[in-house]
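>>> from the sequence below, what's the structure:
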Amino acid sequence: MNPSKLEDFPIQSYDKLRYGDTDRQGHVNNAVFATFCETGRVELLYESGEQVIPEGASFVLASLQVDYLQEVNWPGRIDIGTGITRIGNSSIRIYQRLFQHGNCVAEAVSTIVQVDNQTGKSQPMTNEVKKLLANFRVVVKDV
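Got it, this is the predicted structure:
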């Protein structure tokens with residue numbers, strides 16, 4: 001069962017739409033959707049109340065795929081639902097949906113990788129970190 005409403009996601013956040021986010025047609029520019037996704041990922045990693053990033057490490061974005069489902073219009077806000085679909089050795093696959101006025105306007109799948117800050121190379125996550133991240137799992141069909 002894919003999470004279809006904001007309430008179905010373990011991490012729920014939002015961004016305020018800015019006039020500067022709009023394009024010539026008056027819609028929120030597609031490039032801004034990546035920023036909305038970043039907000040959800042940051043909430044997961046830094047604001048979830050769990051220490052998921054060990055000292056000396058960080059997570060970097062390895063891939064981001066966004067499917068645009070509806071236009072987004074200013075003014076207002078975007079609600080962001082974020083969950084984890086896969087926890088690998090050093091990477092996490094994240095599924096997100098973006099909502100405006102309760103309607104899903106986009107969905108995204110991203111992969112982030114834990115890296116050693118000194119070397120910049122991927123670094124395996126500890127079992128403790130994997131266990132913490134498992135609290136944010138969502139089951140998504142075909143992702």
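>>> look up phi and psi at Asp67.
phi -110, psi 120 (degrees, to the nearest 10).
>>> can you report how many residues neighbour it?
10 (other CB atoms under 10 Å). Every residue, glycine included, has its C-beta placed from N, CA and C.
>>> could you pull out the strands in the chain for me?
Applying DSSP state E to the chain gives strands spanning 11-16, 57-68, 77-87, 91-100, 103-116.
>>> out of these, deepest packed?
The highest average neighbour count among these, using mean count of other CB atoms under 10 Å, belongs to strand 91-100 at a mean of 23.
>>> and that strand, which strands flank it?
Partner strands for strand 91-100, per DSSP bridges, with pairing direction: strand 77-87 (antiparallel), strand 103-116 (antiparallel).
>>> can you lay out these as JSON lines showing distance to Gln25 and mean pLDDT?
Converted to JSON lines, these look like this (distance: least, CB to CB, whole Å; pLDDT from 0 to 100):
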{"stretch": "strand 77-87", "distance to Gln25": "18", "mean pLDDT": "97"}
{"stretch": "strand 103-116", "distance to Gln25": "15", "mean pLDDT": "97"}
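>>> nearest to Val138 among the ones you listed would be which one?
strand 77-87 (3.2 Å; CB to CB).
>>> compute the inter-axis angle for that closest one and strand 11-16.
150 degrees (axes from the mean of the first three to the mean of the last three CA atoms, to 10 degrees).
>>> now find how far off-centre strand 77-87 is within its chain.
Counting by CA atoms, centre = their mean, to the nearest Å, strand 77-87 is centred 5 Å from the centre of its parent chain.
>>> also stretch 22-36?
17 Å.
>>> buried ones in that stretch?
By 16 or more other CB atoms under 10 Å, the buried positions in stretch 22-36 come out as 22, 28, 32-33, 36.
>>> what's the separation between Gln123 and Ser63?
With distances taken as CB to CB, to the nearest Å, Gln123 is found 18 Å from Ser63.
>>> ok, now Gln118?
Going from Gln118 to Ser63 by CB to CB gives 24 Å.
>>> which residue packs closest to Tyr46, ignoring adjacent ones?
Ile53 (7.6 Å; CB to CB, 6 or more residues apart in numbering).
>>> need the phi and psi values for that neighbour.
Torsion angles, degrees, to the nearest 10, at Ile53: phi -110, psi 110.
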